[in-house]
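K.L.:
kindly return the folded structure for what I paste below:
(chains A and B)
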2 protein chains.
Amino acid sequence: MKNGLIVSKLKNGTVIDHIPAGRALAVLKVLGIKGNEGNRVALVMNVESKKMQRKDIVKIDGRSITEKEAQLITLIAPTATINIVKDYEVIEKRKLDIPEKVEGLLKCPNPSCITNNDIEAKSRFIKESKSPLILKCDYCETYITEEDVLRQILS
Amino acid sequence: MKNGLIVSKLKNGTVIDHIPAGRALAVLKVLGIKGNEGNRVALVMNVESKKMQRKDIVKIDGRSITEKEAQLITLIAPTATINIVKDYEVIEKRKLDIPEKVEGLLKCPNPSCITNNDIEAKSRFIKESKSPLILKCDYCETYITEEDVLRQILS
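P.N.:
Got it, this is the predicted structure:
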């Protein structure tokens, strides 16, 4: 294994598997991980997968995922699975699904939408389609796609 | 290895080892790697190291490093080593060193510096100190530190 990379098993932490190929860095971004937090992180991109042609995987030591983070991950990586590891064992497997309503996470692109003008209003999108992802603003009915979501999250 | 991550050996590509802990994403940024290029990438952050306390490693399949990229990596990851892999063997090991002159890679932070006002002028910094990194603009003598360099590269 001279140039192999040996990644030890995770003791406690989170494994995010089946991320669409090339989206791992977006997942790190959603989780606010830059590297200087000190957590051990392992990431692979564009590896072979049985279920998908290619996929990405992210492993984070000593870190759990909040509900809000899980929802954001769903939006940019709808195929992802989240495994919670404790004492080297997977104690919980969560298959993510895009919620029917996405509240307070995304910005409506329509500048005249009430959610962009009333500071008390919280954005709310309704799931119109899962694949391809289409969300509709519950106030002004503006549609947004997976690309719009990705752009918002990565900007 | 239920939750272990098995990263196969690299056939042809580049391994960047001994990156200061937490800087792997900056190295990807310098290389312009976002994930959607299709190359297999493996990355670990904050892992134990014999030489350093903690380090990051980046492996990229089917990708070599240009001279300019190597220089930028030196500036943000001065301890890094670059291994070129061909047919599963390391055929070249490059220990990077910060060059005496850094030309055309960084911007002088002084707005009145000639390099910011004459489009024909190329920035040039002279190495004043390696650790901590201090570079001096060869025109207006403004000093920049490792943090300034990192901020410029990551912005």
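
K.L.:
now the nearest residue to residue A:123 once chain neighbours are set aside. Its backbone dihedrals?
P.N.:
Nearest residue to residue A:123 in three dimensions, chain neighbours excluded: residue A:115, at 4.4 Å (Cβ to Cβ, 6 or more residues apart in numbering or on different chains). (Glycine included, C-beta is placed from N, CA and C.) Phi and psi for residue A:115, reported as degrees, to the nearest 10, are phi -70, psi -10.

K.L.:
tell me how chain A divides into domains.
P.N.:
Under automatic domain parsing, the residue ranges defining each domain of chain A are A:13-95, A:101-154.

K.L.:
mind checking the SS state of the closest residue in space to residue A:38 that isn't next to it in sequence?
P.N.:
The spatial neighbour of residue A:38 that comes closest, neighbours along the chain excluded (Cβ to Cβ, 6+ apart), is residue B:46 at 5.8 Å. Put simply, residue B:46 is strand when judged by DSSP: H, G, I helix; E, B strand; the rest coil.

K.L.:
just checking, residue B:46 touches residue A:39?
P.N.:
Yes - using Cβ atoms under 8 Å, residue B:46 makes contact with residue A:39 at a distance of 6.4 Å.

K.L.:
who's more crowded, those two?
P.N.:
When residue B:46 and residue A:39 are compared for neighbours, residue B:46 comes out ahead with 21 against 18, by other Cβ atoms under 10 Å in any protein chain shown.

K.L.:
contacting residues for that one?
P.N.:
Residues in contact with residue B:46, defined by Cβ atoms under 8 Å, 6 or more residues apart in numbering or on different chains, are A:35, A:38, A:39, A:40, A:41, B:21, B:22, B:54, B:55, B:56.

K.L.:
if we use 10 Å, what do you get?
P.N.:
A:35-42, A:61, B:21-22, B:24, B:53-56 (Cβ atoms under 10 Å, 6 or more residues apart in numbering or on different chains).

K.L.:
before we move on, what about residue A:14?
P.N.:
Per Cβ under 10 Å, 6+ apart, neighbours of residue A:14: A:31, A:39, A:58-65, A:69-70, A:82-85, A:92, A:94.

K.L.:
what helix or strand is residue A:83 located in?
P.N.:
With secondary structure defined by DSSP states H and E, residue A:83 is part of strand A:81-86.

K.L.:
who does whatever helix or strand comes next after that strand pair up with?
P.N.:
Following the chain from strand A:81-86 toward its C-terminal end, the next helix or strand by DSSP H and E is strand A:89-95. Taking DSSP bridges as the criterion, strand A:89-95 forms sheet pairs with strand A:81-86 (antiparallel).

K.L.:
and the partner strand, what's buried?
P.N.:
The neighbour-count criterion (16 or more other Cβ atoms under 10 Å in any protein chain shown) identifies A:82, A:83, A:84, A:85 as the buried residues of strand A:81-86.

K.L.:
ok, those residues vs chain B, which is closest?
P.N.:
Minimum separation from chain B among the buried residues of strand A:81-86 (Cβ to the nearest Cβ) is found for residue A:85, which lies at 5.4 Å.

K.L.:
surely the closest one is in contact with residue A:17?
P.N.:
No - if you go by Cβ atoms under 10 Å, residue A:85 and residue A:17 don't touch, sitting 11.5 Å apart.

K.L.:
check contacts around residue A:22.
P.N.:
Taking Cβ under 10 Å, 6+ apart, one finds A:45-46, A:54-56, B:33-39, B:41 in contact with residue A:22.

K.L.:
which among the residues you listed gets closest to residue A:141?
P.N.:
Proximity to residue A:141 was ranked across the contacts of residue A:22 by Cβ to Cβ; first place goes to residue B:36, at 30.8 Å.

K.L.:
tell me the spacing between the nearest residue to residue A:95 once chain neighbours are set aside and residue B:151.
P.N.:
The shortest distance from residue A:95 to any residue other than its chain neighbours is 5.4 Å, reached at residue A:81 (Cβ to Cβ, 6+ apart). Summarising the geometry, the distance separating residue A:81 from residue B:151, computed by Cβ to Cβ, to the nearest Å, is 36 Å.
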